[in-house]
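S.K.: Build me a structure from this.
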Amino acid sequence: MATQQATSSLVAVSEIKGTAVTNLQNQNIGDVDELLIDPEEGIVRFAVLSVGGFLGLGTTKVAVPWRAFNITPRRDGTVMMKLDATKERLEKAPRIEGKNYERLYTAEGAEPVFVYWEIDYIE
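M.R.: Okay, here's the model as predicted:
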């Protein structure tokens, strides 16, 4: 098995927030607005994306399980984030209103988001 230096796979949260997310067709589909971290497990559970709109007006926020992204660290410390999603799929994705993340804290609230994105839900 190939080994990597630990520092090459670490990325600062500050470098992820605001990152443009593209789909597999290299279309810009949104920006990372927030990361939701499970403090007990110490892992990122969701990225909240701002999609649509113009200059932040009329945007919609959707939660996407972290494991749905294909993330490639760059040498400069930033990342390239890809998501297998069309703009139409994002329009139908479970929405987040404001900073109302509490519904994602429970299995009942989080599981439908995992199901929508076809990611296995792990408690």
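
S.K.: gap between the residue nearest to the spatial centre of the chain and residue 75?
M.R.: Nearest residue to the geometric centre of the chain (C-alpha atoms, centre = their mean): residue 47, 2.9 Å. Per C-beta to C-beta, to the nearest Å, residue 47 is found 22 Å from residue 75. In this view, the C-beta of every residue, glycine as well, is placed from N, C-alpha and C.

S.K.: List the contacts of the nearest residue to residue 117 once chain neighbours are set aside.
M.R.: Distance criterion C-beta to C-beta, 6 or more residues apart in numbering; nearest residue to residue 117, sequence neighbours excluded, is residue 68 at 4.6 Å. Going by C-beta atoms under 8 Å, 6 or more residues apart in numbering, residue 68 touches 83, 84, 117, 118, 119.

S.K.: got the buried residues for the strand or helix carrying residue 91?
M.R.: Assigned by DSSP states H and E, residue 91 belongs to helix 87-92. Within helix 87-92, the residues that count as buried by 16 or more other C-beta atoms under 10 Å are residue 90.

S.K.: Tell me which residues are up against the helix or strand following it.
M.R.: Going down the chain from helix 87-92, the next helix or strand is strand 95-96, by DSSP H and E. Contacts to strand 95-96, defined as C-beta under 8 Å, 6+ apart, come from residues 48, 60, 61, 62, 63, 104.

S.K.: for the second one, what are its contacts?
M.R.: Applying C-beta under 8 Å, 6+ apart, one finds that residue 60 lies in contact with 50, 51, 52, 53, 90, 91, 95.

S.K.: now the third one
M.R.: For residue 61, the contact set (C-beta under 8 Å, 6+ apart) comprises 33, 48, 49, 50, 51, 95, 96, 97, 98.
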